[in-house]
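Asks: just the structure for this:
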Amino acid sequence: MNLKLTEYYFLTQLFPRVGPRTVIKLLEEWSSIDAVFEQLQKKHRLNQNQIKQHLSAINEGIQRHQLSVIFWHDDEYPQAFRNLSDPPLFFFYKGTLPQLRERTVAIVGTRNPSAYGQTITQKITAQLVNQGVVIASGFMRGIDTQAHRTVLDHEGRTIGVLGSGFNYIVPPENKKLVNEVIKKGALISEFIPDQQPTKYTFPQRNRLVAALSEVVIVIEAGPKSGALITARLAGEQGKTVAAVPGSIFSVKSAGANWLIGQGATVISTIDGVGELLGFSTGNPSKEQPVFVNKIQKNIFERLSQNPASCDDLVRSLQVSTQVILSEISIMELTGLVKKFDENSYMVD
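Replies: Predicted structure coming up:
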């Protein structure tokens with residue numbers, strides 16, 4: 001059977017217990033992918049039917065979606081992926097991939113964000129786009145989609161990393177977003193077009209989101225959110241992990257608050273995002289604080305006038321001591337307020 005050199009990469013997927021790491025190790029020994037295939041074929045005989053069906057399905061998907069493919073041996077293969085302990089042997093894409101000179105930041109979070117999470121995503125994304133930053137995300141509903149759409153609204157560049165093959169765009173409502181994204185960036189997938197999404201493919205996808213980015217920002221994330229996986233992988237890759245704090249009463253913010261407790265960089269102002277990347281933001285006094293709720297805004301405005309104690313805040317804002325102490329603790333954590341003396345607080 002006459003095969004193209006690149007098709008041998010696809011066929012390595014059919015060998016049992018043979019993953020990309022094994023193939024790459026064998027490539028170091030045998031130099032070419034066809035030689036690696038021949039060695040594997042001696043141990044695990046693939047029949048002609050398997051080969052034909054596998055390649056036919058992949059080629060049909062490539063043609064249907066007009067996909068480009070980059071293989072491990074290609075010069076265009078991203079160095080960020082080569083640095084991974086488990087890099088993909090190949091990946092499919094549509095659109096234009098970011099260039100080496102372009103800075104990329106990942107914005108990730110819950111699939112069911114609050115109004116606060118959506119607003120913060122819009123503001124942070126817009127700030128980064130205005131600085132020429134490419135925004136990466138996982139193309140899922142919620143924070144991911146909000147980030148991609150905000151980029152498009154501001155004529156920026158974005159890259160979506162799929163957790164499935166191109167034949168199975170999820171969520172279904174994002175199918176109409178595909179053409180918009182590829183006009184302003186790219187969609188990529190390491191999975192063959194016929195790969196359906198599973199509970200394993202999404203975490204696998206997350207390492208690529210992290211690899212593409214120099215900073216990963218978690219907006220809102222529950223305690224078991226996939227965004228925490230992306231953050232963990234980013235940390236393992238030596239990337240900066242940042243998080244937007246939320247109310248301690250909100251399950252949607254539990255993961256982001258936990259990350260901050262673990263040492264993630266706190267984003268307490270919109271301009272603080274630019275500072276993460278070393279952008280000049282002008283006069284710090286003009287930064288707009290990020291408030292989780294109206295109570296925090298009222299506390300900030302009250303303390304902007306002069307220092308006040310917890311009792312003073314309870315009386316002037318007409319809320320309970322428990323609520324004031326809870327919100328003050330978050331505001332201290334995010335750098336919005338600080339202790340004035342033993343009993344009073346002031347704006348930082």
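
Asks: thought residue 122 was touching residue 143?
Replies: No: assessed by CB atoms under 8 Å, residue 122 is found out of contact with residue 143, at 10.4 Å. The way it works is simple: take the backbone N, C-alpha and C, and place the C-beta from them, glycine included.

Asks: which one of the two has more residues nearby?
Replies: Between residue 122 and residue 143, counting by other CB atoms under 10 Å, residue 143 is the more crowded of the two (30 against 16).

Asks: my guess is the more buried one contacts residue 225. True?
Replies: No: in this structure, residue 143 is not within contact of residue 225 by CB under 8 Å, at 9.5 Å.

Asks: please enumerate the shared neighbours of the two.
Replies: Taking CB atoms under 8 Å, 6 or more residues apart in numbering as the contact definition, residue 143 and residue 225 share the neighbouring residues 109-110.

Asks: list the contacts for residue 66?
Replies: When contacts are counted by CB under 8 Å, 6+ apart, residue 66 touches residue 94.

Asks: quick check: the nearest residue to residue 252 once chain neighbours are set aside vs residue 62, distance?
Replies: Nearest-residue entry for residue 252: residue 220, 4.6 Å, with adjacent residues in sequence omitted and distances by CB to CB, 6 or more residues apart in numbering. Distance, residue 220 to residue 62, using CB to CB, to the nearest Å: 36 Å.

Asks: so for those two, which residue has more residues nearby?
Replies: The residue with more neighbours, out of residue 220 and residue 62, is residue 220; 31 against 16, by other CB under 10 Å.

Asks: residue contacts, the more buried one?
Replies: 109-110, 113-114, 116-117, 120, 143, 244, 246, 250, 252-253, 255-256.

Asks: of these, which is the most crowded?
Replies: residue 109 (35 neighbours).

Asks: doesn't residue 226 make contact with that one?
Replies: No: in this structure residue 109 lies outside contact range of residue 226 using CB under 8 Å: 9.4 Å.

Asks: pull the longest helix from the chain.
Replies: helix 48-65 (DSSP state H).

Asks: what lies in contact with the helix or strand where residue 346 lies?
Replies: Taking DSSP states H and E as the criterion, residue 346 maps to strand 344-347. The list of residues contacting strand 344-347 from outside it, by CB under 8 Å, 6+ apart, reads 300, 303-304, 306-310, 312-313, 328, 332, 336-340.
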